[in-house]
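Asker: Sequence unavailable; structure follows:
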């Protein structure tokens, strides 16, 4: 694929920022739909390989901290919560992905630092599953969420209050909106809940900014999350919706939940398989080729100018300085991957 790495990154950022379909993007960049799709997945793989750079390391709040928001929670690591991201799934899977609000979504677990930097993310669980079950899966994985001894994460009342995870008092005022209305705490439990909500609110802000910045997270993706989805189109079955709502909703499995480390392992296995297949295709079964380099036409292998390079323009993609820094790291990683 004769295409600049910078253009591939621009295509990727353009799609996830504005939530555009493939056929719209290919006209913007004057590329084929296959090229757009391949570029998108190339950059996506590069981003996943950047997990050590993009994910920050958790550091507990020190005992001598004087910050008015964090000083109440010594050895506090990060804030933890789940959020729903709307997606498209086959009809047969909709009951498992249906949330309490009736949306078809996936339940994503996120952990962020006090300065709004993500530490851990586990996407892929069905929307109908309880947050506690997603957390249980996260801490039981080989590349899962780690809780250092003596430290803890702040969680809401939807999680169990146990070692390593500090939840608020149940049956007491908690939401920040209640405190903003001028209500004064009257018990130690309410005072604790107010400080807890103020501190844990950082993860809510992270989710809000993430969905505000990347348009692809605001509404169901145009890109199906299951390759088998096509076989279920335009098919009907009497009372299908009623039956699946009864028998399928509680059968959440989390089979599509993966961390970045899990995905990298799959990518590496696929790369090894592709390499072996390529070597087998180039195997002449012990025969030596009698064609020398002098007899070959090497003109087609010479670097060619990028197609429509003079027409390519990044001006319609407004990027913030932080996004530019990430894009630079993505380009470097993508270039290294393509050279392997």
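Answerer: Yep, that arrived. All values reported here derive from a predicted model rather than from experimental measurement.
Asker: For the stretch 1-150 of the chain, which segments are assigned as strands?
Answerer: For the stretch 1-150 of the chain, applying DSSP state E, counting those that start in this stretch gives strands covering 76-86, 105-112, 118-126.
Asker: Can you tell me which of the ones you listed is nearest to residue 201?
Answerer: Set against residue 201 and scored by CB to CB, those come closest in strand 76-86, at 7.8 Å. Bear in mind the C-beta positions are built from the backbone N, C-alpha and C, glycine included.
Asker: what helices or strands is the closest one leaning on?
Answerer: If you count contacts as 3 or more CB pairs under 8 Å, 6 or more residues apart in numbering; DSSP states H and E, strand 76-86 packs onto strand 105-112, helix 131-140, strand 152-154, helix 188-213.
Asker: could you pull out the helices for this structure?
Answerer: For the chain, the helices defined by DSSP state H occupy 5-18, 22-29, 33-49, 51-54, 94-97, 131-140, 176-180, 188-213, 240-247, 260-281, 321-339.
Asker: Just the buried positions in the fifth one, please.
Answerer: By neighbour count on 16 or more other CB atoms under 10 Å, the buried set for helix 94-97 is 94, 95, 96, 97.
Asker: go on, the second one?
Answerer: Neighbour counts using 16+ other CB under 10 Å place 25, 26, 28, 29 of helix 22-29 among the buried residues.
Asker: And the spatially closest residue to residue 107 that is not a sequence neighbour, how far from residue 254?
Answerer: The spatially closest residue to residue 107, leaving aside those adjacent along the chain, is residue 125, at 4.4 Å (CB to CB, 6 or more residues apart in numbering). According to CB to CB, to the nearest Å, residue 125 and residue 254 sit 5 Å apart.
Asker: wait, what's in contact with the residue nearest to residue 84 when sequence neighbours are not counted?
Answerer: Of all residues not flanking residue 84 in the chain, residue 105 sits nearest, at 3.9 Å (CB to CB, 6+ apart). Contacts of residue 105 were listed using CB atoms under 8 Å, 6 or more residues apart in numbering, and they are 84, 85, 86, 87, 97, 99, 127.
Asker: From the residues you listed, pick the one nearest residue 196.
Answerer: After measuring those against residue 196 - CB to CB - the closest member comes out as residue 84, at 22.5 Å.
Asker: Isn't the closest one up against residue 108?
Answerer: Yes. Look at residue 84 against residue 108 with CB atoms under 8 Å: they come within range, at 7.5 Å.
Asker: Neighbour count for those two, which is higher?
Answerer: Using other CB atoms under 10 Å as the criterion, residue 84 and residue 108 rank with residue 108 on top: 21 against 17.
Asker: give the contact list for the nearest residue in space to the more buried one that is not next to it in sequence.
Answerer: Once flanking residues are discounted, residue 108 sits nearest to residue 123: 4.2 Å by CB to CB, 6+ apart. The contact partners of residue 123, taken as CB under 8 Å, 6+ apart, are 85, 106, 108, 109, 257, 258.
Asker: Ok, residue 221 next?
Answerer: Residue 221 touches 19, 86, 87, 88, counting by CB under 8 Å, 6+ apart.
Asker: Which residues are in contact with the third one?
Answerer: Spelled out, it's residue 87. 97, 104, 105, 106, 220, 221, 225.
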